[in-house]
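Student: Below are the sequence and a predicted model for it; my questions follow.
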Amino acid sequence: MTDLAKIPVTVITGFLGAGKTTLIRHLLQNPQGKRLAVLVNEFGTMGVDGDILKACADENCPEENIVELANGCICCTVAEDFIPTIEALMARPVRPDHILIETSGLALPKPLLKAFDWPAIRSRITVDGVITLADAEAVAAGRFAPDEAAIAAQRAADPNTDHETPLSEVFEDQLLCADLVLLSKSDLAGEAGVAAARAMVIAEMPRAIPILAMQDGIIDPRVILGLNAAAEDDLAARPSHHDGADDHEHDDFASAVIDLPEVADPEALATVIAGLSRDHKVLRVKGHVAVTGKPMRLLVQAVGARVRHQYDRPWGSGPRRSQLVVIAEAGDLDIPAIRAALGG
């Protein structure tokens with residue numbers, strides 16, 4: 001890559017737990033000869049995804065090329081965090097050939113695309129494409145669709161009421177900005193679920209774009225990298241619920257970090273975490289847990305009532321500290337009750 005060539009950037013977006021980090025891990029392990037850099041955005045103060053990705057660092061993407069932006073969605077911190085971070089990546093002695101951006105699951109991609117028009121970076125980078133991941137099982141189950149009965153009641157009471165839910169609004173904005181939609185976790189959804197999810201996505205889209213099923217983040221990187229979309233020049237074709245708004249706030253959602261003691265039974269913990277979705281409307285749980293007698297740390301990932309856990313690496317010389325990030329709609333985040341349920 002010459003110094004005059006624009007560095008392509010791929011924005012990977014999708015709601016909480018859609019599988020963005022898993023996809024990026026696959027891309028890091030199959031870089032197609034490219035020197036990669038990754039910018040990871042987290043909603044909340046504790047980074048988990050960046051730590052997962054740093055375990056994949058190698059000569060094609062050294063650890064210093066994996067940068068975390070925590071405690072705020074990237075779409076709201078463009079000037080303070082995003083622009084300086086991109087400039088720092090481009091100033092590295094060996095420039096990356098391609099930059100991957102993993103947005104927070106609550107981020108709106110369009111404000112981020114607008115940032116690529118900033119004079120400081122416009123001549124040096126371009127948005128190669130926006131990849132939106134949609135959890136096929138969750139979409140097919142209607143988790144992002146508003147309650148039609150409740151909407152009808154609201155419409156009868158007040159025709160001017162905004163009938164979108166926070167979940168559906170974020171989900172739709174992420175879809176509307178996409179150059180490619182990946183239906184993740186297709187193995188969990190099954191053939192009928194994937195077909196239903198595909199139909200729901202198509203119904204939301206104002207333009208025809210490719211929709212591909214995927215599981216475990218595995219897809220040919222050539223499908224992802226090299227779209228040449230120049231998305232920053234195509235904003236009018238990417239409508240948003242927030243077009244015309246000066247600011248985008250995430251007051252509808254909140255997160256908390258819960259400290260836990262060592263756990264004796266990971267399966268029992270998984271059962272409790274699954275119950276948080278039912279009893280406390282928790283959307284997402286992720287973090288690391290110390291298990292009694294085990295030198296490896298337990299990585300916990302939960303989306304709704306679906307919980308996965310695995311030992312990912314030794315604790316090493318650092319403290320064996322169990323912490324889980326819990327995310328829910330703001331009105332549902334009962335931190336004392338959640339902490340009590342988890343035994344924290």
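Tutor: Here it is on my side, so go on.

Student: shouldn't Ile211 be in contact with Leu183?
Tutor: Yes - with contacts counted by CB atoms under 8 Å, Ile211 reaches Leu183, the gap being 6.5 Å. Every residue, glycine included, has its C-beta placed from N, CA and C.

Student: Overlap of the contact sets of the two?
Tutor: 198, 201 (CB atoms under 8 Å, 6 or more residues apart in numbering).

Student: Can you list the low-confidence ranges for this protein?
Tutor: 1-4, 42-62, 70-80, 145-164, 242-251, 344 (pLDDT under 70).

Student: ok so, going back, among Ile211 and Leu183, which residue is more densely surrounded?
Tutor: Comparing Ile211 with Leu183 by other CB atoms under 10 Å, the one with more neighbours is Leu183, at 25 against 20.

Student: OK, contacts around that one?
Tutor: Counting by CB under 8 Å, 6+ apart, Leu183 has contacts 134, 136, 139, 189, 194, 197-198, 201, 211-214.

Student: Which ones among those map onto strands?
Tutor: Those of those mapping onto strands are 134, 211-213, per DSSP state E.

Student: Report the distance from the helix or strand in which Asp312 is found to the chain centre.
Tutor: If you go by DSSP states H and E, Asp312 is part of strand 306-314. Relative to the chain's own centre, strand 306-314 is displaced by 18 Å; criterion: CA atoms, centre = their mean, to the nearest Å.

Student: Would you map the strands across the stretch 1-150 of the chain?
Tutor: Here the stretch 1-150 of the chain has its strands, by DSSP state E, counting those that start in this stretch, at 7-14, 36-41, 66-69, 98-102, 125-135.

Student: Can I get these in TSV including mean neighbour count and distance to Asn30?
Tutor: Shown next, in TSV, are the strands of the stretch 1-150 of the chain (neighbours: other CB atoms under 10 Å; distance: least, CB to CB, whole Å):
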stretch	mean neighbour count	distance to Asn30
strand 7-14	25	14
strand 36-41	26	10
strand 66-69	21	16
strand 98-102	26	13
strand 125-135	25	15
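
Student: Any chance of those in TSV with distance to Val223 as columns?
Tutor: Output for the strands of the stretch 1-150 of the chain, formatted as TSV (distance: least, CB to CB, whole Å):
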stretch	distance to Val223
strand 7-14	11
strand 36-41	16
strand 66-69	22
strand 98-102	14
strand 125-135	9
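
Student: closest to Ala330 out of those?
Tutor: The minimum distance between Ala330 and the strands of the stretch 1-150 of the chain falls on strand 36-41, with 19.3 Å, by CB to CB.

Student: angle of the closest one against strand 7-14?
Tutor: 40 degrees (axes from the mean of the first three to the mean of the last three CA atoms, to 10 degrees).

Student: Summarise which helices and strands strand 36-41 is packed against.
Tutor: Packing partners of strand 36-41 (3 or more CB pairs under 8 Å, 6 or more residues apart in numbering; DSSP states H and E): helix 20-29, helix 49-54, strand 66-69, helix 83-90, strand 98-102.

Student: Tell me which of these is the most buried.
Tutor: Mean neighbour count (mean count of other CB atoms under 10 Å) peaks for strand 98-102 among the helices and strands packed on strand 36-41, with a mean of 26.

Student: What pairs with that strand, parallel or antiparallel?
Tutor: According to DSSP bridges, strand 98-102 forms sheet pairs with strand 7-14 (parallel), strand 36-41 (parallel).

Student: Excluding chain neighbours, give the residue nearest to Leu133 in space.
Tutor: Gly14 (3.3 Å; CB to CB, 6 or more residues apart in numbering).

Student: Surely Phe15 and Asp173 touch.
Tutor: No - taking contacts as CB under 8 Å, Phe15 lies outside contact range of Asp173: 10.3 Å.

Student: sorry, back to before: not counting its own residues, what contacts the strand holding Asp312?
Tutor: Strand 306-314 has contacts (CB under 8 Å, 6+ apart) with 52, 55, 137, 188, 266, 269-270, 273-274, 285, 288-289, 291, 294-302.

Student: How much space separates Asp81 from Leu113?
Tutor: 16 Å (CB to CB, to the nearest Å).

Student: same check, this time on Ala5
Tutor: 20 Å.

Student: likewise Asp173?
Tutor: Asp173 is 11 Å from Leu113, by CB to CB.

Student: likewise Leu283?
Tutor: For Leu283, the distance to Leu113 equals 25 Å [CB to CB].

Student: Make TSV from the strands paired with strand 98-102 and add distance to Gly318 to it.
Tutor: Below are the strands paired with strand 98-102 laid out as TSV (distance: least, CB to CB, whole Å):
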stretch	distance to Gly318
strand 7-14	29
strand 36-41	20
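
Student: give the contact list for Leu235.
Tutor: 110, 113-114 are the contacts of Leu235 under CB under 8 Å, 6+ apart.
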